[in-house]
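Visitor: This is the structure alone, sequence omitted:
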């Protein structure tokens, strides 16, 4: 199905169009990360409707738009977004592969302090894996950490 | 977009009128139904980019279209198993906006204080979109 020309269309309207017209895509990819030494590993799971938007193209804004909004939100005098138009008026992203979509989602939803230097330090702070590689039971879930013995491929 | 109707007021033949602001401001801006046990996964959603499994019974929901501010309202509920019935085996679900693009959910606290993952977790948010 061809994506309508959505440039300038409110992002929420685009998402509603996608929900009506695109089949959800359950991705097997997961991003496991540690953003605090005192907490267990966290697992980012892509939403199936969002993944369908990413693969379709022409719907989602570039990831830098979210970084700009986050910068505004970090200001001490922030009350409400005044640059929401960036979400709606910026040229949407073209179709992504599933792998590109996971990279986009990591840069959108995982703290920059994790993904910008994920492999610095004594051990990796983030790993992209398939869901089958995660423990199959949640026994000791609150003690899960990224294994020190991973063979990492960047 | 094709098919656009511009209207400030909707009028029913007998029941009166409302302004379209009621529809825009009063509609849910995001919702999600997900399995919070095992390898967590969304069953269905709107305006959600992803879920984070933070720990036992702790989750973060990330939004695609940011909210205007982080004062949006969240309604949520959860239950352990559909056979058990909504909430019959669980305590309250708690939630909190963490930014304009995410909110945290805590579900599955039993009356004895134990934590566990719920098979069915639901959340809806209301507020203004960015």
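Guide: Structure's in. What do you need? Please read all numbers here as calculations on a predicted model, not as lab measurements.
Visitor: In terms of secondary structure, what does the helix or strand bottoming out on mean pLDDT in chain B contact?
Guide: Lowest mean confidence among the helices and strands of chain B (mean pLDDT, DSSP states H and E): helix B:20-26, at a mean of 85. Applying 3 or more CB pairs under 8 Å, 6 or more residues apart in numbering or on different chains; DSSP states H and E, one finds that helix B:20-26 makes contact with strand B:9-12. For the C-beta atoms, the positions are set from N, CA and C on the backbone; glycine is no exception.
Visitor: ok, back up a step: what residues sit buried inside the least confident helix or strand of chain B?
Guide: Across helix B:20-26, burial judged by 16 or more other CB atoms under 10 Å in any protein chain shown covers no residue at all.
Visitor: Show me the contact partners of that helix.
Guide: Outside helix B:20-26, the residues that touch it by CB atoms under 8 Å, 6 or more residues apart in numbering or on different chains are B:7-10, B:126, B:128.
Visitor: ok, now stretch A:63-83?
Guide: Contact partners of stretch A:63-83, identified using CB under 8 Å, 6+ apart, comprise A:84, A:86-87, A:90, A:104, A:107-108, A:112, B:66, B:68-70, B:99-101, B:128, B:130.
Visitor: residues contacting residue B:126?
Guide: B:26-29, B:72-73, B:75.
Visitor: before we move on, what about residue B:40?
Guide: Residue B:40 makes contact with A:43, A:45, B:34, B:51, B:53, B:59, B:117, according to CB under 8 Å, 6+ apart.
Visitor: Excluding chain neighbours, what is closest to it?
Guide: residue B:53 (4.8 Å; CB to CB, 6 or more residues apart in numbering or on different chains).
Visitor: before we move on, which element is that neighbour in?
Guide: Using DSSP states H and E, residue B:53 maps to strand B:48-55.
Visitor: All good on my end, thank you.
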